[in-house]
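Novice: turn this into a model:
(3 chains)
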Amino acid sequence: MSTWKKIKSWPLLLPVVALILVMAVNIIHDAATGVNPLSFFSISLRETTTNGTILYGRLIDVINRGSEIAILAIGMTLVVSASAGTDISVGSVMSLCASAMCVTLAGYGVSSTTTLAKPLVIGLLAAILMGIVCGAFNGTLVAHLSIQPMVATLILYSAARAIGLLLCNDLIVYVRNPSFAFIGSFLGPIPTPIVITAICIAIVSVVLKKTALGMYIQSVGINARASRIAGLNSKLLIFLAYTLCGVFASIAGIVASSRITSADSNNIGLYLEMDAILSVALGGNSLGGGKFNLAGSIIGAYTIQAITTTLYALGVSSIQAPVYKAVIVIIIVVIEAPPFKAFLKRHSAAFASKGV
Amino acid sequence: MKANSKKSFNSNTLLLVITIVLFCVLYVGGCIAYGSKGFTHFQTFLNILITNAGLICVACGMTCVMLTGGIDISVGALIAMDCMMLAVGMEKGIGAVTMVLIVLLVGVVFGVVQGFLVGYLEIQPFIVSMAGMFFCRGMTAVICTDQVSITEKINATFYKWANTKVTIPFGGYVNNKGKYMAPYVRPGVIVAILVLIIIFIMLRYTKFGRSLYAVGGSAQSAAMMGLNVKKIKMGAYMLSSILCSVGGVCYCLNTMAGSVTQALGLEMDAISSAVIGGTLLTGGVGNVIGSFFGVLINGTISSIVKTNGKLASSWPNILTAALLFIFIVIQSIFAAVRARRK
Amino acid sequence: MEENVVLTARGISMTFPGVKALDNVDFTLRKGEIHALMGENGAGKSTLIKCLTGINDFEAGEIRVEGVDGPVKNRSTKDAQNIGISTVYQEVNLCPNLSVAENLFIGREPLTKLHTIDRKSYNKRSMKIMEDLGISVDVTQNLENYSLAIQQMVAIARAVDMDCKVLILDEPTSSLDDEEVEKLFSLMRKLKEKGVGIIFVTHFLEQVYAVCDRITVLRNGAFVGEFPIAELPRVKLVAAMMGKDLDDLAEIQKEQKDYSKEPMEIEAKGLSHAGTIKPFDLNIHKGEVVGIGGLLGSGRSELARCIYGADKAQTGTLAVAGQQVKINQPIDAMNKGMGMLPDDRKAEGIIADLSVRENIILALQAKRGMFKQLSRAQQEEIADRYIDLVKIKTASKDTLIKQLSGGNQQKVILARWLATDPDFLILDEPTRGIDVGTKSEIQKLIVKLAGEGKSVLFISSEIEEMLRTCNRMVIMRDGQKVGEIDHDLSQEGVMKAIAGGES
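Specialist: Got it, this is the predicted structure:
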């Protein structure tokens, strides 16, 4: 009984169970189609003509493709915790940052280039700066003008892609330069996005461990008034959370753009806001703000990617996948909803009394 | 004893006036800048109505939801799904009337589910309707991933509806070939105007309409005064989805096609129309006349961009978002001023 | 049921987890009388009202209402309204965005044959209702265009028009000015003539004597007595409300010395915050404990909040330890060595979902800044030290604070501030709602802190405990500092000062 209770109160229960569930579906599907049931987990080295020896396997693919979601999930976790709202602009901001970067690297009006107009670092900085600006914009609206987070971020959700298109002069800007493509390809045998994600997670973990930021944000998210009395600057912290979210969106945008060596305003980060929010919810974090668990969100992010990959394997196309994800979101929020919990409690009580 | 009432010219009417003035300025500006390109013709105005018939219906529904203090961002995707259903259904040989009824029914069911989740399970409207948005967008792709056009061959009735011209007996002009061009609208516009009138009357003269305002004004007070807040909220989302489906049919009559990327960002247009038209994000204030002008402003902007021909196609999106931003900030400032006055 | 009685409550008892909120309380309301329900915070006034209106579910006792056979048990405010009990709260429960007429009729609008709302008819009826009550308003105007007083009267009009026999007015006057209060009173008198029984809850003594016929006093959830107004002069009323708590009169030895020679710690000149507190001067010396006496709502918390920057002071100057300071928000005050334990523990004190340890170190951490995080070992050491020092009963230092009892939560907040080693500590109702033992512990602690040279501003509803710990008292009334008592601190003297007036 007490072990059961311990398991039930384990914060990572939800994401881990979900992850196991997705893996189980893969194993069953593989077994049913006559492939080695454990092929999902097999990792091998493979020779390629373009990238040399690389790690290969579906698990690697999930972790690689899940990089953007995992990076976004970091920022989203902070935003949800501090403001009890979500930032639905992250997908669009990703796209805008990618556009800003590619335009900087290729020059305005150039649709395709193999040589860089500016050093790569300038391009990366342009992207991150754009992310900071977007995040600060959202943060100002939420923290200082007290606008509901989702309405505030709706503005950039719809405008950021359009601004990106404007920057790109309505073109898809291709930057076919190996030093740029490197970010989205391989570092030795390991996909670079995995390395970048690992670095992001490591930095954030260290920051959360070595500074009081984590406690500050949770404290503000749980009780902003009490936090203020205890000396925290609630507005500044909410602002900071959104700005950081913008920075992570820009990093995700850099990775996504480098993968396709272009800035495709209409498609980079499409539907990723949903995946990021879903990661946070699946990670066992309440969308009502307060306590957060970054590890949960990260596992949640990879779980989402595993779901997506699995859906593809089952023959669901990328534009159909949102149906399933939407259903998962609704199931999670319904389980979390207080009226639903009260309903269950009432009925389990009624059931118990009937049993006696 | 004398009551210290302020004049009825309060900040809310002010917002509506700003909106109407803004529309006039934009439109007159368009006329002056692009008069040579036919912007001054009455038909240009009617074309704005024709293109935005669907949006008018959706904005009416959005206004009702926003009056309760909620929001529904699923509308654009729902329209895409409606169009796709119409296109694919008629391609399969189902009659136009049947398909329209099916689409409306889907709207009802979808609205009931969203309304239940928001009203009875008290989940944030944004999360619910965001899931709804992705569900519909994905579902559109599940129905068909290609663009499906509705031609005369596929369904003659629907084609006839779409191409019916309802001429207006005044405001025509003689074109450069010397032929009199009577101004006209499409049936979709008639439907949209009817919806507008019905919702206007509903909001003003029915119990349900007034209770939407009451819930938005203060849900707690409304409950104290004996209103069933949960039911009213659910009703609002149902209404939004139904009107969205009606709008979907109008939209389809205009585009005559179903595709996954259709009506992308339409939720944004609907929300900004409502907000620009004076509907408060916090609920309780607003009416469909304002939202109608909001739609006209959005329509005029796109029309100007289109008439100009040289501006990038992303400008309408940016301008709509910018307008939304400006009006949200104005609202927030008004709210702060009001709070300080108390 | 007795002649002329509209409502009786007998032997009402109710417990909240850990607290006996009401213990065998009686209440009788007669036709056409205005009956004041008095008591300090936590006395059980609101709990009793919530029992009458169906929000709270009481455990024992019965309520009878004229015209209803047998005991009444309301399940919701709607039930209560149906049998004629209506409530008007300080926070008006109407919709500001609807017209006056709509607010009167929403949920029961007259309909036309087409099932649309008959606006004309209800506007006309509303006009008549308001005229009958002598309120001149344009009923088609939105409610938000009117002052709070008018809004309150509309709420009352709605209640009256719904055939209420019992009208409960819960602190209706706290945000009204004198003229508005007078308007409200004349309306109350008019209703009284119509035979409505009115229960009037307020903390303004003058108003009780201006309009009420009878007073029922509650204290700590218990019934103290029911008195005709003439038999209970102010000082007696205050005494009845505050009582003499029998908490153990532990041998608390406050320092007996002349503090005016000590250096000045806090020097406030003309501080004010619009709407909450009028300009005041206040000096506090090093090592001195200053109490603020006054009834709830007299501005005692607001004075403290203004000094601390919780409500930013709009006028005046503040000097801390002889230096002029500008305080925009609490962290500024903290950096000047202040700390404040707020009166609303739930809303402004605890961070419910964080652990006891995190709650203790929060303020210290905020003072150090984000980048100088206390190491886990330091945090645990501090938590242990203060759990030990103020004797917090908790399973472990990593227990969530919301799982602790109220008294222990309060000690955690106290520990939070002690950890910052403040020179000046504001304690707003630190002993409210906590058990007697803890109370005397906190009192001892206050005296001990003063002995260590810290200055304390102490606010409490219990005069006894302030008398025992304070060296000087500031008296507040109606958002204004009305005086100071620095020698001859006695129960009677303080009560007289708090009550004001001639009697």
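Novice: how about the strands in chain A?
Specialist: Under the criterion DSSP state E, chain A contains strands at A:44-48, A:52-56, A:112-113, A:173-175, A:186-187, A:190-191, A:262-263.
Novice: now those in TSV, with distance to B:Gly209, mean neighbour count and mean pLDDT?
Specialist: (Glycine included, C-beta is placed from N, CA and C.) TSV is the format used below for those (distance: least, Cβ to Cβ, whole Å; neighbours: other Cβ atoms under 10 Å in any protein chain shown; pLDDT from 0 to 100):
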stretch	distance to B:Gly209	mean neighbour count	mean pLDDT
strand A:44-48	65	10	83
strand A:52-56	62	15	82
strand A:112-113	56	15	89
strand A:173-175	50	24	91
strand A:186-187	61	18	88
strand A:190-191	57	20	91
strand A:262-263	47	28	91
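Novice: want to try JSON lines for those, with distance to A:Ala313 as columns?
Specialist: Formatted as JSON lines, these follow (distance: least, Cβ to Cβ, whole Å):
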{"stretch": "strand A:44-48", "distance to A:Ala313": "18"}
{"stretch": "strand A:52-56", "distance to A:Ala313": "16"}
{"stretch": "strand A:112-113", "distance to A:Ala313": "33"}
{"stretch": "strand A:173-175", "distance to A:Ala313": "30"}
{"stretch": "strand A:186-187", "distance to A:Ala313": "23"}
{"stretch": "strand A:190-191", "distance to A:Ala313": "19"}
{"stretch": "strand A:262-263", "distance to A:Ala313": "27"}
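Novice: can you list those in a markdown table and add distance to chain B?
Specialist: Listed next are those as a markdown table, based on distance: least, Cβ to the nearest Cβ, whole Å:
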| stretch | distance to chain B |
| --- | --- |
| strand A:44-48 | 30 |
| strand A:52-56 | 29 |
| strand A:112-113 | 19 |
| strand A:173-175 | 14 |
| strand A:186-187 | 32 |
| strand A:190-191 | 27 |
| strand A:262-263 | 14 |
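Novice: nearest to A:Ser99, of those strands?
Specialist: Closest approach to A:Ser99 among the strands of chain A is made by strand A:262-263 (4.4 Å; Cβ to Cβ).
Novice: residue ranges with poor pLDDT in the chain?
Specialist: I'll assume chain A. Along chain A, the model assigns pLDDT under 70 to residues A:1-2, A:352-356.
Novice: you looked at the wrong chain, it should be chain C
Specialist: Scanning chain C for pLDDT under 70 picks out C:1-2, C:17-19, C:41-42, C:174-175, C:243-255, C:433-437, C:501-503.
Novice: list of residues touching stretch A:317-324?
Specialist: Contact with stretch A:317-324 is made by A:271, A:274, A:307-308, A:311-312, A:316, B:134-135, B:137-139, B:141-142, B:145, B:260, as judged by Cβ atoms under 8 Å, 6 or more residues apart in numbering or on different chains.
Novice: among those residues, which are in reach of chain C?
Specialist: For chain C, no contacts are drawn from those by Cβ under 8 Å from any Cβ of the partner chain.
Novice: which of these are buried?
Specialist: A:271, A:274, A:307-308, A:311, A:316, B:134-135, B:137-139, B:141-142, B:260 (16 or more other Cβ atoms under 10 Å in any protein chain shown).
Novice: farthest pair within the residues you listed?
Specialist: Largest separation among those by Cβ to Cβ: A:Ile307 and B:Val260, giving 20.2 Å.
Novice: count of neighbours near A:Ile199?
Specialist: 12 (other Cβ atoms under 10 Å in any protein chain shown).
Novice: I appreciate the help and will end here.
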